[in-house]
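[1] Here's a sequence, model it:
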Amino acid sequence: MNRSRLPASIARTVASAATLLALFIGFVPVHAETWQPPEPAAKERDWLKTDTGEWLWGDLKSLRDKSLQFDSDKFGMQEIDFDEVTEFRSARVLTYRFEKEGVFTGTATIRDGVVAIKTAAGVREFPKSKLIMILEGAQREIDFWSMKASLGLVGRSGNTDQIDLNTAVRIRRVSPRSRWEIKYNANYGKVSGTLLTDNHNLSSVWDMLVKAGFFVTPAAVNLFVDKFQNINLRTTVAAGAGYAIMRGGDVDWSANLGVGYVQTRYASVQALQDDTEGTFSLIPATNLDWDLTGDIELLFDYNVQLALPEPRNSYHHASATISFDIWGDILNLDASLTWDRAESPKARADGSVPKRDDFRSTIGFGIDLE
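    Predicted structure coming up:
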């Protein structure tokens, strides 16, 4: 009798275990798919969902060229491909730029491929595929500006009296639609009262974003003075276009190509020669801003003015700066190396010819204001 009951008991036990296992297996994905975070309240942090079904809680910092920066409350700063974001909820006021649609400011959600922004004029909806930029805040005019200035000074007295002064200033205005940058670099040096270095480089570039990654440069101006290279003033006026190869995260790298006119006025020339020359030039350039670590940043710029139709009259300029944070993000220690090259230096009135290459190394303290 016990033998006949035992198989039935085992069968019921197995059936119950199988039922519980099936319910458990079926419950997990259903729960993951149906769980939703609470609706964010005003000024709270953001919720972001990826295509793996995972939710992140934190602050969206920026979106540029499909690269989204999100400061997760648990995992820190994350760089996410925007195509992998399936849902987003924010009660913070952010600025959104859409291709061909314009710029809108407000709170927003992203669901089912649609971005819904609650603006002062009402809710506006656009396809997620048209969103090319997100910036924090309502973007007041002061939020567009940043500045960095560095100063290096070396003095020596005794058997040799020496003074070296190096100055570098960069001012930027970056908005959802455009970028304007001004750079100024100067080097001044004396040894025993004799001037050995005196050069100045001032540039201004205005870029306009066309679509994700692509920008045009309606105007760019560069002024260069270095009497030791026999250049009283070299003026370059150009326009062009470019592409952001990498932007967002730790690396900001772009390349552009311009066409311009270069006029050079020489400090002195030989008899019967004109002291002013002008030529059209093709101007390829690249700019790199790379956060090597949280406290170390690398800046690199290179451009060449390829004279047309005589490449022998071309000029090269390159600079590399490593910046170390020594007091938060404000005070830095900057070490720089600069290279300038003239393919065909102009002979002076006395017949001497400046060297083709000039190298300068500088070190100093910098202030970074954003």
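
[2] CA atoms for contacts and neighbours, from now on please.
    OK.

[3] distance of the nearest residue to Asp250 once chain neighbours are set aside from Met208?
    Counting by CA to CA, 6 or more residues apart in numbering, Asp250 lies nearest to Asp291, which is 5.0 Å off, once chain neighbours are set aside. Asp291 sits at a distance of 24 Å from Met208 (criterion: CA to CA, to the nearest Å).

[4] show me where the protein has helices.
    Under the criterion DSSP state H, the chain contains helices at 2-34.

[5] Hmm, Phe359 and Thr338 touching each other?
    Yes - judged on CA atoms under 8 Å, Thr338 makes contact with Phe359 at a distance of 5.7 Å.

[6] Which one's more surrounded, these two?
    In terms of neighbours (other CA atoms under 10 Å), Thr338 is the more surrounded of Thr338 and Phe359; the figures are 17 against 11.

[7] Could you check how far that one is from Glu99?
    Going from Thr338 to Glu99 by CA to CA gives 38 Å.

[8] can you list the weak-confidence ranges in this structure?
    The chain contains residues with pLDDT under 70 at 1-34, 42-43, 139, 155-161, 248-249, 370.

[9] need the longest strand for it.
    strand 194-211 (DSSP state E).

[10] from the middle of its chain, how far away would it be?
    A distance of 17 Å separates the centroid of the chain from that of strand 194-211, by CA atoms, centre = their mean, to the nearest Å.

[11] Paired strands for it, with orientation please.
    strand 178-191 (antiparallel), strand 214-226 (antiparallel) (DSSP bridges).

[12] shouldn't Pro40 be in contact with Ala108?
    No - under the criterion of CA under 8 Å, Pro40 makes no contact with Ala108, lying 10.6 Å away.

[13] Which residues in stretch 84-95 does the neighbour count mark as buried?
    85-95 (16 or more other CA atoms under 10 Å).

[14] chain center to it, what's the gap?
    Offset of stretch 84-95 from its chain centre (CA atoms, centre = their mean): 22 Å.

[15] Please apply the same query to stretch 207-215.
    How far stretch 207-215 lies from its chain's middle: 13 Å, per CA atoms, centre = their mean.

[16] One more: stretch 271-282?
    For stretch 271-282, the distance to the chain centre is 36 Å (CA atoms, centre = their mean).

[17] ok, and what's touching it?
    With contact meaning CA atoms under 8 Å, 6 or more residues apart in numbering, stretch 271-282 is reached by 257-269, 305-309, 349.

[18] and what of stretch 98-115?
    By CA under 8 Å, 6+ apart, stretch 98-115 touches 86-97, 116-120, 125-133, 138, 176, 211-212.

[19] likewise stretch 239-249?
    62-65, 67-69, 79, 213-220, 252-260.

[20] Can you turn the buried subset of those into a selection I can paste into ChimeraX?
    Only the buried entries of the contacts of stretch 239-249 go into this ChimeraX selection, using 16+ other CA under 10 Å:
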select :62,63,64,65,67,68,69,79,213,214,215,216,217,219,220,252,253,254,255,256,257,258,259,260
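
[21] and the contacts of stretch 239-249, which of them are in strands?
    If you go by DSSP E, the contacts of stretch 239-249 have 62-64, 67-69, 79, 214-220, 252-260 in strands.

[22] who are the neighbours in contact with Ile288?
    Slight slip there: residue 288 is Leu, not Ile. Counting by CA under 8 Å, 6+ apart, Leu288 makes contact with 251-254, 298-301.

[23] separation between it and Trp253?
    As judged by CA to CA, Leu288 and Trp253 stand 4 Å apart.
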